[in-house]
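Q: Give me coordinates for this.
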Amino acid sequence: MSYFKLLPSGWVVFGFLFALPYSFVQAQEVQSVPKYPIVLVHGWGGFDRFLGITPYWFGITSKLEEAGIMVYESQVSAVNSTEIRGEQLIIQIEQQLKRFSASKVNLIGHSQGGLTARYVAAMRPDLVASVTGVASPHKGSELADLIQKATGGDDTKRAKILGWVVSIFGHVIDLFTSGGFPQDGLASMRSLTASGLVKFNKLYPQAVPDDCGEGDYEVNGIRYYSWGGVQKWTTIIDPSDLLLWFTGLAFKEANDGLVGRCSAHLGLVIRDDYPHNHLDEINQMFGLDGFGEENEPINIYMEHMARLQAAGL
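A: Numbering: from 1, shown residues only. Sure thing, here's the model as predicted:
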């Protein structure tokens, strides 16, 4: 048989083998797209995009969209009670379900956003496929407790003045974002204290562990996940690290500067000791970090997309 007659078939085989890795990568990307849309829920003092440009979820939303994932950046009151924020979120979810032609959403909430997502799941389980808390204070924040103690409780003059200042802060954020929501500084701080979370968890106990372990993985057909960090100062080039190092002094346990390690536990705990502080967990500020591929915040979200997809969510 002529050598030249073998060339065409050889090229076919070569082409097939060459295409395998590419096809495999494509398949992996397709498999990492969850069934239901992702709704991102910001935390205390948060927003969707500041001045319509700078995203709260820095680089995360764009990465999800590049992978073909349906995603929506919600915006609720920057500072208010978890319940008020939750009611605002329910309205937006109903709107986004129509937009995406979907029946449910996967909620991912950072900080108080995780509590907001829990409220929605408890009140409207028909809208939610999963809840993921990222550094959310499910047992409260020791910093919030310290502030409450320093002001002498909720009804003192000092507390009311602080609440007014925090409300002004919320209105400023609202002014420069796509907000238009009411702000209540005192209610927001009350929602983040240990005593506030005791009351909240009695009403909405789904997937909250009794101790520093894990909670129920699934409640009412909704899957629950969580992760968090335990570092305060992670890079010298990020000016916010100094502030989080200082606020972290209020805690007795390992923490990310604003939320304790055990307080962040909800449902299936993916990991509770990432080398991240509270802003690193949303890739802020502006992605300034040096974590390496394994602990890169954006990669953690992409890994979670594969986890949700594998669970049929």
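
Q: for this structure, what spans make up the helices?
A: Along the chain, the stretches classed as helices by DSSP state H are 3-31, 60-66, 82-100, 112-123, 142-151, 157-175, 185-190, 194-203, 240-247, 297-310.

Q: Can you tell me which of those helices is packed in deepest?
A: Among the helices of the chain, helix 112-123 has the highest mean neighbour count (mean count of other CB atoms under 10 Å), at a mean of 27. C-betas here are computed from N, CA, C, even on glycine.

Q: related to what we said a few turns ago, nearest to S74, of the helices of the chain?
A: Nearest to S74, of all these, is helix 82-100, at 5.2 Å by CB to CB.

Q: The closest one packs against which elements?
A: With contacts taken as 3 or more CB pairs under 8 Å, 6 or more residues apart in numbering; DSSP states H and E, helix 82-100 sits against strand 38-41, strand 71-73, strand 105-110, helix 112-123.

Q: go again using 7 Å as the cut-off
A: Using 3 or more CB pairs under 7 Å, 6 or more residues apart in numbering; DSSP states H and E, the elements in contact with helix 82-100 are strand 38-41, strand 105-110, helix 112-123.

Q: pLDDT wise, what is the closest residue to V219 other than its chain neighbours at?
A: Sequence neighbours aside, Q206 is the residue nearest to V219 in space, at 4.3 Å (criterion: CB to CB, 6 or more residues apart in numbering). Looking at Q206, its pLDDT reads 98.

Q: can I assume F200 is in contact with T82?
A: Yes - when contacts are counted by CB atoms under 7 Å, F200 is listed as touching T82 (6.4 Å).

Q: what do these two both touch?
A: Jointly contacting F200 and T82 under the rule CB atoms under 7 Å, 6 or more residues apart in numbering are L115.

Q: Out of the helices of the chain, which is closest to L40?
A: helix 60-66 (6.8 Å).

Q: Give me the residues contacting the closest one.
A: Helix 60-66 is touched from outside by I38, L40, P55, V71, E73, I282, N283, I298, Y301, M302, M305, with contacts defined as CB under 7 Å, 6+ apart.

Q: Next one: the second one, what pLDDT does it get?
A: To tie it back to what came earlier, the one meant is L40. So L40 comes in at 98 (pLDDT).

Q: If you tally nearby residues, what's the number for the residue nearest to P275 when sequence neighbours are not counted?
A: Distances taken as CB to CB, 6+ apart put Q231 closest to P275, at 4.7 Å, once the chain neighbours are dropped. Neighbour count for Q231, taken as other CB atoms under 10 Å: 23.

Q: list the contacts for Q231?
A: So Q231 contacts D256, P275, H276, N277 (CB under 7 Å, 6+ apart).

Q: For the third one, give me its contacts.
A: Contacts for H276 (CB under 7 Å, 6+ apart) come out as G229, Q231, T234, D256, P297.
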